[in-house]
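Trainee: Need coordinates for the below:
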Amino acid sequence: MFNTYGDAATYLRDRLGRYCSYCERKIPTSLAIEHVIPKSYNPTLENVWGNFLLACVNCNSHKGSQPVELNGYLWPDTDDTFSAFTYEPSGAIKVAAGLDTLQQAKARALLELVGLDKSPEQASAADYRYKDRIEQWGKAKVAVEMLQSASVQSLEKTRAAIITLATDGYSIWATVFRGDPFILAALVKKYPGTRADELAVKESA
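Mentor: Numbering: from 1, shown residues only. Here you go, the predicted structure:
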């Protein structure tokens, strides 16, 4: 436990990177320490490490101080959320097919909790998450074209360049390159807190 939850900031960024735990955008500054169970709902958890994630202003403000029951959601630090959702070129995030009824409900609950289920028409003018996902899809498409046109001699350098392009949106990049174990391994290494076993689950599905 910390004296104040702000004391955990450096440790969280070292553990999770400067990424929003929910929408996966890289936020260099103003990345909030997010209380999974709101401190106003349960003050005893205000400074407890196990109650912390990192969140952008959009995910954090949408979640707000809504009462949260841990077992009612899938959580990015404890559950395989990569396999629980599908990421589409349109920017939409949907609950993955093949989940059982309970897992579907928990996955949908998380999207609704932080507003990742919103369409561009439903999002506020200050919510750029949808646009940012579309931008990452555009970068990933360019990366695929780079890889397809690369010669055998330039393949290693091309893969390195692709990883440089992948600035955020881990799940989008892992979706696009799900068939390339070299890119997937490099993505896991680049994004702190990403579990390698998530890839194995997705690949075997």
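Trainee: Now do the residue of the chain most remote from its centre against F177, distance only.
Mentor: Of all residues in the chain, Q153 has its C-alpha farthest from the mean position, at 33.4 Å, by C-alpha atoms, centre = their mean. Separation of Q153 from F177 (C-beta to C-beta, to the nearest Å) stands at 21 Å. Heads up, the C-betas are built off the backbone N, CA and C, glycines and all.
Trainee: The residue farthest from the centre of the chain belongs to a strand, doesn't it?
Mentor: No: looking at Q153 with DSSP: H, G, I helix; E, B strand; the rest coil, it is coil, so not inside a strand.
Trainee: quick one: contacts for L12?
Mentor: By C-beta atoms under 8 Å, 6 or more residues apart in numbering, L12 lies in contact with 33, 52-54.
Trainee: how does it look with 7 Å?
Mentor: Taking C-beta atoms under 7 Å, 6 or more residues apart in numbering as the criterion, L12 is in contact with 33, 52, 54.
Trainee: picking up where we left off before, how about the contacts made by the residue farthest from the centre of the chain?
Mentor: By C-beta under 7 Å, 6+ apart, Q153 has no neighbours at all.
Trainee: Tell me the pLDDT of it.
Mentor: Q153 carries a pLDDT score of 95 in this model.
Trainee: Ok, A200 next?
Mentor: 46.
Trainee: With R13 instead?
Mentor: Reported pLDDT for R13: 91.
Trainee: next one: phi and psi at it?
Mentor: Dihedral angles of R13 (phi, psi; degrees, to the nearest 10) stand at phi -70, psi -30.
Trainee: I'd like to know how far the residue nearest the centre of the chain sits from E88.
Mentor: Taking C-alpha atoms, centre = their mean as the criterion, E24 is the residue nearest the geometric centre of the chain, at 3.2 Å. As judged by C-beta to C-beta, E24 and E88 stand 15 Å apart.
Trainee: From L184, how far out is L12?
Mentor: In terms of C-beta to C-beta, L12 sits 25 Å off from L184.
Trainee: now do Q148
Mentor: In terms of C-beta to C-beta, Q148 sits 17 Å off from L184.
Trainee: what do you get for E145?
Mentor: 18 Å.
Trainee: Have a look at those two and say which one is more surrounded.
Mentor: Neighbours per residue, other C-beta atoms under 10 Å: of E145 and L184, the larger number sits with L184, 20 against 10.
Trainee: what's the host helix or strand of that one packed up against?
Mentor: Using DSSP states H and E, L184 falls within helix 181-190. Applying 3 or more C-beta pairs under 7 Å, 6 or more residues apart in numbering; DSSP states H and E, one finds that helix 181-190 makes contact with helix 155-165, helix 170-176, helix 196-204.
Trainee: All set now, cheers.
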